[in-house]
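[1] structure, please.
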Amino acid sequence: MKQILPPNAKISKEAKETMQECVSEFISFVTSEASEKCRMERRKTVNGDDICWALATLGFDDYAVPLRRYLHKYRELEGDKAANQDKETLQGANGTCAPMHAIAISVGLLAGA
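    Predicted coordinates:
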């Protein structure tokens, strides 16, 4: 909030609390829409794509598009991090792979590990 105001402006405690209530209500509104979609699809977990869908459905496209971009980049980074962790996990003391772990990953038994 302070970034948009002049440097000498003050924000009252009541104004901060009101903004917090509005933000909480907004999050609840969007999450409720995403949750309803999941319920209709008989899923129990709301994911980032559901939130992006809810934002777009509720008319908040200006938020949905950048959030979708952020989510895509986040998943790319998490994928890179997971790949690096898998590589480290597979390395034995002498730099060789732990064969059972490598096989399990290659056949998808440890997907997302």
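[2] same for the lengthiest helix in the chain, what does it pack against?
    What stands out as the longest helix in the chain, according to DSSP state H, is helix 61-90. Contacting helix 61-90 under the criterion 3 or more CB pairs under 8 Å, 6 or more residues apart in numbering; DSSP states H and E are the following elements: helix 48-57, helix 99-106. All C-beta spots, glycine's among them, are computed from the backbone N, C-alpha and C.
[3] now do the most centrally placed residue in the chain, the pLDDT please.
    Per CA atoms, centre = their mean, the C-alpha nearest to the average position across the chain is that of residue 48, at 5.1 Å. For residue 48, the model assigns a pLDDT of 92.
[4] equivalent analysis for residue 106, please.
    At residue 106, the predicted lDDT confidence score is 45.
[5] re the thing from before, tilt between the longest helix of the chain and helix 48-57?
    170 degrees (axes from the mean of the first three to the mean of the last three CA atoms, to 10 degrees).
[6] how far does helix 61-90 sit from its chain's centre?
    Helix 61-90 has its C-alpha centroid displaced from the chain centroid by 9 Å (CA atoms, centre = their mean, to the nearest Å).
[7] list the buried ones in that helix?
    Buried residues in helix 61-90, defined by neighbour count with 16 or more other CB atoms under 10 Å: 63-64, 67-68.
[8] which residues does the residue nearest to residue 71 when sequence neighbours are not counted contact?
    Among residues not flanking residue 71 along the chain, residue 48 sits closest, at 4.5 Å (CB to CB, 6 or more residues apart in numbering). By CB atoms under 8 Å, 6 or more residues apart in numbering, the contact set of residue 48 is 67, 71, 74.
[9] wait, doesn't the first one sit right on residue 55?
    Yes - here residue 67 lies in contact with residue 55, judged by CB atoms under 8 Å, at a distance of 6.5 Å.
[10] ranking helices and strands of the chain by mean pLDDT, which lands last?
    Lowest on mean pLDDT, DSSP states H and E among the helices and strands of the chain sits helix 99-106, with a mean of 45.
[11] residue 30: neighbour count?
    Residue 30: 21 surrounding residues under other CB atoms under 10 Å.
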